[in-house]
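Peer 1: Return a 3D structure for these sequence lines:
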Amino acid sequence: MYNKRRPYHQEWFTKWFESPWYTTLYAHRHTEEAALAIGLMLDATQLEFGSKILDLCCGNGRHSLALAERGFEVVGIDYSKNLLEIAQKKLEQTSVKLFRQDMRHSYPSAPYDCICNMFTSFGYFDIENDNRTVLYRISEALKKGGYFFFDYLNAEYVRSTFTPFTETVLPNATIIQKRTITDLHVSKRIEIYTEHTSKPEIFEEKVRLYTSKQLTSMIESYSMTIVQQFGNYTGVPYLADSSPRCIIVAQKTTID
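Peer 2: Prediction:
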């Protein structure tokens, strides 16, 4: 069946990531967790001090900050004005360069020694080829021998621990999350109720449920070789039925 592309300005992330409620809901994703993930990346890649790294879909800049504090040359890319403004304030005492752009377009300041894509910032597009285009752009922007550090959800774990409904009560709001799951996607309807509104604000999240096998196959089709796989930020091996994350380390092996 023909899958019609939604106009870019109507994609779920163009609304949700611009809302201040996004950072409220994910406030538990803190700088300490980012530092742990970056530590794993550096252990796995053994990047030299001062290497040039792209934080693809950098969000509010917590991973970029962890990299900058370790002496790397860092570039951050994101499409959200809101998150980039937060990142700019967080990174104002660093040399990190930030750009607003679509992740499917060629990346500025390439080539890179390493590109990291953290916290399931992939699989956002309804069109399969759009997601593959992102991997092409990553490979295109890497130096030969450069690394791709990919931090994604574990589809099998998501299915086995699926929770259709959660409610979070905050001092100023109640956030209800209603989740659905299909063969291809996990989706979330986010309803935010405050005392100042008669109707809730409603947002959406939708991410493709790629399996580890699908991801590694896709990555390898773009001139990259899988080096390691981990199941969480402490570096334990990936296990399909129990790992909360699917973290893949790949290395570019040929010149396009």
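
Peer 1: Was I right to think Ile86 contacts Thr23?
Peer 2: Yes: using CB atoms under 8 Å, Ile86 makes contact with Thr23 at a distance of 6.9 Å. Backbone N, C-alpha and C define where each C-beta goes, glycine included.

Peer 1: anything in contact with each of those two?
Peer 2: Asn60 (CB atoms under 8 Å, 6 or more residues apart in numbering).

Peer 1: dump the residue contacts of Phe149.
Peer 2: Contact analysis of Phe149 by CB under 8 Å, 6+ apart lists Met41, Ala44, Thr45, Cys114, Ile115, Cys116, Asn117, Met118, Ile247, Ile248, Val249.

Peer 1: With neighbour count and secondary structure added, can I get those residues in TSV?
Peer 2: Formatted as TSV, these follow (neighbours: other CB atoms under 10 Å; DSSP: H, G, I helix; E, B strand; the rest coil):
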residue	neighbour count	secondary structure
Met41	25	helix
Ala44	17	helix
Thr45	21	helix
Cys114	23	strand
Ile115	27	strand
Cys116	27	strand
Asn117	23	strand
Met118	25	coil
Ile247	26	strand
Ile248	22	strand
Val249	22	strand
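
Peer 1: Name the nearest of the residues you listed relative to Met103.
Peer 2: Minimum distance to Met103 across the contacts of Phe149 is 8.6 Å, recorded for Asn117 (CB to CB).

Peer 1: Please name the nearest non-neighbouring residue to the closest one.
Peer 2: Closest residue to Asn117 apart from its sequence neighbours, by CB to CB, 6 or more residues apart in numbering: Leu56 at 4.7 Å.

Peer 1: how much space between the one you found and Arg104?
Peer 2: According to CB to CB, to the nearest Å, Leu56 and Arg104 sit 11 Å apart.

Peer 1: residue contacts, the residue nearest to Asn117?
Peer 2: Leu56 neighbours (CB under 8 Å, 6+ apart): Ile77, Met103, Tyr107, Ile115, Cys116, Asn117, Ser121, Ile138.

Peer 1: So Tyr124 is in contact with Tyr210, correct?
Peer 2: No: applying CB under 8 Å as the test, Tyr124 and Tyr210 come out as separate, 11.7 Å apart.

Peer 1: Is Ile38 in a helix, a strand, or coil?
Peer 2: helix (DSSP: H, G, I helix; E, B strand; the rest coil).
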